[in-house]
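Peer 1: Give the three-dimensional model of this entry:
(one chain, ligands or ions: 2)
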Amino acid sequence: MIHDPNKVYIFDTTLRDGEQVPGCQLDTNQKIEIAKSLELLGVDVIEAGFPVSSPGDFNSVIELSKAVNHPIICALTRANKNDIDVAADALRFAKRPRIHTGIGASDFHIKHKFNSTREEILARAVDAVKYAKKYVEDIEFYAEDAGRADIEFLAKMVEAVIAAGATVVNIPDTNGYCLPDQYGSKILYLKENVKNIDNAIISVHCHNDLGLATANSIAGLQNGARQVECTINGIGERAGNTSMEEVVMIMKTHKVLGLNTQIDATQFYAISHMVRSQMNMPVQPNKAIVGGNAFSHSSGIHQDGFLKNRENYEIIKPEDVGFPDATIVLTARSGRAALNHHLERLGHKLEKEHLDIVYKQFLVLADSKQGINDTDLNQLVALHLA
Ligand code: KIV
Ligand code: ZN
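Peer 2: Numbers count the residues shown, from 1 in each chain. Ligands and ions are numbered 1, 2, ... in the order given. The predicted structure follows:
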């Protein structure tokens, strides 16, 4: 098979980084249901959990490995033998297992988390990859807090772990610290300065502390990364991870990027709702792609333009992401075009002079209550005709 250099591998971590969110914990059956939906969606990798963290997580990785056929099943570890032994055990039924091991790469983490030195950390990184390689061929290495790491040390670490057998190198912006051009430059630096970089796939893993997770992930992909780590609805530690639906729809909308994925985006709305309800985690209405208002038009200027040609205000079709349809919301900011659209939908065809009168009454009503519904509209017309 010819390898497509523009293919971006979608690594879903809803069930690991996403599930770390307080209150979002799932039982094994719920995880299986989400994992099967992720498989249908077309993700390439499912990070199923952190097996050493609890018996429940260990068991979930076992059951997900049995339930899922096509995607790679990945298990997280720290850079130590016990974590890796437990992860390898949990992955024993996976058709395509991957161990995801790693250690802090920033001087801050090296000093204040590990109380160690760059040399010691480098040796632990290499040892972990070599040890994990005894169990599985596919090893992903994460250089935690790479966003704040010294770039020359990061390059040295990446080169060493690839030489030790890492097949994917994950460059996390663990604290959501970087600006897009800084993060993109980091990836480019690795691409240009790590001798053996073509022996591994570079992966981007961005957090959203400054609201830049998606922008940073795209910057990384533009500079040579070919795997993106993301979650449904962007859930994850603190302000969350890169949202899968955003990053995928950016690639589909901006064909000029020349990047493609195997994701069936028409399933986003359904899986977004499944994750919200299973995890008890609502999505804000203005969330891109899957938020309740993502395809609602409420001001008169927009509604008029939308009714003339949807593309005036629609860069993605709702059906492309499985959204039921765009909505024209009636508020006191709506114009005659929007009111007429809804009246016609309800079977009321009004001459212009009648529409003008009903519109005035509509504005009085809309100023006094939140949201105008079909009953309100029918009553307005009935009053006018009475
Ligand atoms: O954000 C991070 O650095 C992580 C790693 C464990 C991959 O989630
Ligand atoms: Zn993370």
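
Peer 1: wait, what's in contact with whichever residue of the stretch 1-150 of the chain sits closest to ligand 1?
Peer 2: Nearest residue of the stretch 1-150 of the chain to ligand 1: Y142, at 3.9 Å (CB to the nearest ligand atom). All C-beta atoms are positioned from the backbone trio N, CA, C, and that covers glycine. Y142 sits next to 100-102, 170, 172, 205 when contact means CB atoms under 8 Å, 6 or more residues apart in numbering.

Peer 1: Send me the top strand by length along the chain as CSV with only the CA atoms.
Peer 2: For the chain, the longest strand by residue count, based on DSSP state E, is strand 97-104. Coordinates of each C-alpha in strand 97-104 appear next as CSV, following Å, rounded to 0.1, in the frame of the first residue of the first chain:
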residue,chain,number,x,y,z
PRO,A,97,-1.7,-2.5,20.4
ARG,A,98,0.3,0.6,21.1
ILE,A,99,2.1,1.6,24.4
HIS,A,100,2.2,5.4,25.0
THR,A,101,5.0,6.1,27.4
GLY,A,102,6.9,9.2,28.3
ILE,A,103,8.3,11.7,30.8
GLY,A,104,8.7,15.4,31.4
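
Peer 1: rewinding a little: go through the contacts of Y142 and single out the one with the most neighbours.
Peer 2: Within the contacts of Y142, H205 tops the neighbour count with 31 neighbours, counted by other CB atoms under 10 Å.

Peer 1: Which element, helix or strand, includes that residue?
Peer 2: Assigned by DSSP states H and E, H205 falls within strand 201-206.

Peer 1: which is the next helix or strand following that strand?
Peer 2: As assigned by DSSP H and E, the chain's next helix or strand after strand 201-206 is helix 213-222.

Peer 1: wait, does that next one contact ligand 1?
Peer 2: No - applying CB under 6 Å from any ligand atom, one finds helix 213-222 out of contact with ligand 1, separated by at least 10.4 Å.

Peer 1: residues making contact with that helix?
Peer 2: The contact list for helix 213-222 (CB under 8 Å, 6+ apart) reads 8, 171, 173, 176, 178-181, 183-184, 186-187, 202, 204, 206-208, 228, 230, 234, 239-243, 246-247, 250-251, 257, 259.

Peer 1: near ligand 1, which of those residues show up?
Peer 2: Residues shared between the contacts of helix 213-222 and the neighbourhood of ligand 1 are H207 [CB under 6 Å from any ligand atom].

Peer 1: Let's see which of the contacts of helix 213-222 end up in strands.
Peer 2: Judged by DSSP E, strands contain the following of those: 171, 173, 202, 204, 206, 228, 230.

Peer 1: wait, doesn't P180 sit right on L212?
Peer 2: Yes - assessed by CB atoms under 8 Å, P180 is found in contact with L212 at 6.3 Å.
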